[in-house]
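Enquirer: Using only what follows, build the 3D model:
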Amino acid sequence: MADGNGNGTMDATAPQLNALVQYTKDLSFENPNAPRSLGPQEKSPNISIQVNVNAKQLSETDFEVSLVLEGAAGEGAETLFKFELNYAGVFRVRNIPAENTHPVVMIECPRLLFPFARQIVADAVRNGGFPPLYIDPIDFAGLYQQRIAGQGAPNVPVA
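Expert: Model (predicted):
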């Protein structure tokens, strides 16, 4: 955020969310029926994807946020592929009111991680011999609201 003078300096009191580092914590890709699964398919496989977001407070301002994507194409003996990705980042949150920190960490941080995780999954599926799987955009605000509704408390601790 630049100040009004155009000199590019940061306002020390402005809300800030900084990605300090991003990394793959775990990546697994399985092609259990290769090479049989790599031939032409009679019909489009059923693709299922699960999404989970976890956060751990590392310090007063720093949080590790993990975006976990798990998926599969096909079912049972007809499984074409399975994948699991745990993609994480460390984020610094400053000058954000305490009541807003949890939503920022659980919505905005995974939103920033998602494009990178999506590309890792697409590349893994393509490298497994299939057309790349581009996961549709995810509504992290909706996921957060569902999670809060399921836990019944708006002030869920991050750690």
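Enquirer: How far away from the center of its chain is the helix or strand of the chain with the lowest mean pLDDT?
Expert: Least confident helix or strand, the chain: helix 140-151 with a mean of 89, by mean pLDDT, DSSP states H and E. Centre-to-centre, helix 140-151 and its host chain are 15 Å apart (Cα atoms, centre = their mean, to the nearest Å).
Enquirer: Stretch 64-73 too?
Expert: 6 Å.
Enquirer: Which positions within it qualify as buried?
Expert: Within stretch 64-73, the residues scored as buried using 16 or more other Cβ atoms under 10 Å are E64, V65, S66, L67, V68, L69, G71, A72, A73. All C-beta atoms are positioned from the backbone trio N, CA, C, and that covers glycine.
Enquirer: show me what contacts the first one?
Expert: Think E64. A55, K56, L58, A88, G89, V90, F91 (Cβ atoms under 8 Å, 6 or more residues apart in numbering).
Enquirer: Hmm, the fourth one is touching L69, no?
Expert: To tie it back to what came earlier, the one meant is A88. No - A88 is beyond contact range of L69, at 11.9 Å (criterion: Cβ atoms under 8 Å).
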